[in-house]
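>>> Next comes the sequence, and after it the predicted model I'd like to discuss.
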Amino acid sequence: MRKVIWIVTILLVLILPSLRNPLSQWQPDVNLTNDPGAQYTSRNNAWCVAAAGNLVHAVWMDAVNVGFYKRSTNGGVSWLQSSQIGGSLPSVAASGTNAHIVWETFSMNGRWEIYYKRSTNGGVSWNQDTRLSNNLHSCGNSSISVSGLYVIAVWSDGTGEIFYNRSTDGGASWGQDTRLTNFVGISQEPSITLSGSNVHVAWTDARDGHNEIYYKRSTDAGISWGQDTRLSSSPGESRYSSIGSSGSNVHAVWTDLRDGNEEIYYKRSTNDGISWGNDTRLTDNWAVSANVSISASGSHIHIVWQDSRDSTAGIWEIYYKLSTDDGTSWGEDTRLTNQFNESNLPSVAASGSAVHVVWYDTRDWGAGNNPEILYKRNPTGNAIGIVNINTENPGTFSLAQNYPNPFNPATNIEFAIPISSFVKLIIYNMIGQEIAVLVNSDLRAGTYKVDWDSVNSPSGIYFYKIFADEFSETRKMTLIK
């Protein structure tokens, strides 16, 4: 009997922390490549992973500047075969079944140019390459973002200025490349995020004598732009920004040298970039923390970066940090990799209840192999907006009509479960394509409310369906933008 009690106690010790802490749900690393040539992810201003519903897209490049693409149709559980797409330093964005990639290619004119490609069927097939840049100087460090039919790409050129190009029809056609900055100092490494028709761009700028983080916004999908805003104020260098948004909240992170070594800093706006709060230091250790990437999903803000705190030899590992209250407070640093060799340049994306991270890794270098692309997921790390509003047993399963309805851009959905159940709540579009997974976890008996922020979805009729135990029900809702 004592032996049985001892075994049960050990099992509880092992299991209960994972039930309390969703961060413990990070799953094992997955190799996306196994290639004799070296494979690399892009710089942190771009995203090498994007997700929409259960569709997950990953991009990277090899040592000779050829771009590659790989996709998952089941939320990262398994991956389909990779294909060659594009060129150097690719960046990917996704909305519904539409995926968008930009990259830089050395053209016949002797310059690096920015090119674009899109898929309208979840990455099954891709249209022809479209050239987005057209000037007398080489262009690079591109980044892309999408919101409904708005697609905007940004990059820097050889004169040290930021340019952009935009599409208002989901990438089917594009306008002219347009200069976004105009200062003596070098502007480079732009990062972009869209929230409806609001466009937010952050970049590294040397106009003040050394590098600082600057920001600019448009409220009409890039037709016109406001003034440049300096986000960082540091006696040391501030570089390598990444920017994310959800609704009216905008979040910027970057690498900062004000403390004597490189640390990760954060700043947010709660009014679409009109004004910004104070700088917040997110890392605090003796080593270098750099190349941070951010993803905003509702009130959940996810960041990943490379950090050398675990090695006196300066070997990089990938770290992760989460805020569940729109950046007001942050959880502890979580180490995602634990290897003898380096893990570099991570990108993060969140969709539904899952968080996805992609990076390049030299863990197999000692065996004579080259850097490979690695992937990791947390299937329950983005449980946004799920609130237990009544713990009393409701008696029956039910799914309420969303409120408000019609809505723009957010609505909430209530449901009730009379017994502890595994619950899945999914959003579908008119043709039955999965748009978002709002709930995908075990829940106790009670009444719950979950929010859906449709900022990246176009106007139209949507359906939401719940699966719980043997119960299922579907309702209709209308998004008007």
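Now that the structure is in, tell me what you want to look at. Residues are numbered from 1 along each chain as shown.
>>> would you list every one of the helices in the stretch 1-150 of the chain?
2-20 (DSSP state H, counting those that start in this stretch).
>>> I figured Ser138 hits Trp112, correct?
Yes - in terms of C-beta atoms under 8 Å, Ser138 counts as a neighbour of Trp112; the distance is 3.9 Å. To be clear about C-beta, it is placed using only N, CA and C from the backbone, and glycine gets the same treatment.
>>> These two: which is more packed in?
Taking neighbours as other C-beta atoms under 10 Å, Ser138 and Trp112 compare with Trp112 leading, 22 against 19.
>>> Show me what that one is bridged to.
For Trp112, the beta-bridge partners are Phe106 (DSSP bridges).
>>> and it, how far is that from Gly87?
9 Å (C-beta to C-beta, to the nearest Å).
>>> cool, and Gln188?
Gln188 sits 19 Å away from Gly87, going by C-beta to C-beta.
>>> Then Gly314?
Counting by C-beta to C-beta, the gap from Gly314 to Gly87 is 30 Å.
>>> give the contact list for Ser297.
246, 350-351, 382, 384, 453 (C-beta atoms under 8 Å, 6 or more residues apart in numbering).
>>> so what's it scoring on pLDDT?
pLDDT, Ser297: 87.
>>> which SSE is the nearest residue to it once chain neighbours are set aside in?
Spatial nearest neighbour of Ser297, chain neighbours left out: Ala350 (4.0 Å); criterion: C-beta to C-beta, 6 or more residues apart in numbering. Element membership for Ala350 (DSSP states H and E) is strand 343-351.
>>> if you average pLDDT over that strand, what comes out?
On average, strand 343-351 scores 95.
>>> which strands and helices sit next to the helix or strand just after that strand?
Next helix or strand after strand 343-351 toward the C-terminus (DSSP H and E): strand 354-361. Helices and strands touching strand 354-361, by 3 or more C-beta pairs under 8 Å, 6 or more residues apart in numbering; DSSP states H and E, are strand 49-52, strand 55-62, strand 300-307, strand 317-323, strand 343-351, strand 372-378.
>>> so what sits against both of Trp112 and Gly87?
Common neighbours of Trp112 and Gly87 (C-beta under 8 Å, 6+ apart) are 104-106.
>>> Between those residues, which sits nearest Tyr375?
Closest approach to Tyr375 among these (C-beta to C-beta): Glu104, at 23.6 Å.
>>> what sits against the closest one?
By C-beta under 8 Å, 6+ apart, the contact list for Glu104 reads 87-89, 112-115, 139-142, 155.
>>> Now with 10 Å, please.
With contact set as C-beta atoms under 10 Å, 6 or more residues apart in numbering, Glu104 has these partners: 42, 61, 65, 67, 86-91, 111-115, 133, 138-142, 155.
>>> got a pLDDT number for it?
You'll see Glu104 listed with a pLDDT of 97.
>>> Report how many residues lie close to Asp208.
13.
>>> Who is the spatially most central residue of the chain paired with across the strands?
With distances taken as C-alpha atoms, centre = their mean, Ala349 lies nearest the centre of the chain, 2.8 Å away. Taking DSSP bridges, one obtains His356 as the residues bridged to Ala349.
>>> gap between it and Ala46?
Separation of Ala349 from Ala46 (C-beta to C-beta): 12 Å.
>>> what touches both of the two?
Common neighbours of Ala349 and Ala46 (C-beta under 10 Å, 6+ apart) are 92-93, 293.
>>> okay, now Arg70: neighbour count?
Not quite, residue 70 is Lys, not Arg. 22.
>>> That should have said Gln227, apologies.
Residues lying near Gln227 (other C-beta under 10 Å) number 7.
>>> Over to the one 10 residues further on?
Residue neighbour count, defined by other C-beta under 10 Å, stands at 18 for Glu237.
>>> How about the contacts made by it?
204, 206, 210-212, 254-258, 262.
>>> ditto for Gln227
By C-beta under 10 Å, 6+ apart, the contact list for Gln227 reads 215-217.
>>> how distant is stretch 473-481 from the center of its chain?
25 Å (C-alpha atoms, centre = their mean, to the nearest Å).
>>> With only the CA atoms kept, save it in PDB.
Provided in PDB are the C-alpha atoms of stretch 473-481 (Å, rounded to 0.1, in the frame of the first residue of the first chain):
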ATOM      1  CA  GLU A 473     -23.500  23.100 -31.900                       C
ATOM      2  CA  THR A 474     -23.000  25.700 -34.600                       C
ATOM      3  CA  ARG A 475     -24.100  29.300 -34.800                       C
ATOM      4  CA  LYS A 476     -23.700  32.200 -37.300                       C
ATOM      5  CA  MET A 477     -22.300  35.700 -36.800                       C
ATOM      6  CA  THR A 478     -21.600  38.700 -39.000                       C
ATOM      7  CA  LEU A 479     -18.500  40.800 -39.200                       C
ATOM      8  CA  ILE A 480     -18.900  44.300 -40.700                       C
ATOM      9  CA  LYS A 481     -15.900  46.500 -41.300                       C
END
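>>> Could you check that stretch and say which residues are buried?
Neighbour-count burial for stretch 473-481, counted by 16 or more other C-beta atoms under 10 Å, picks out 477, 479, 481.
>>> In strands, which of those residues fall?
477, 479 (DSSP state E).
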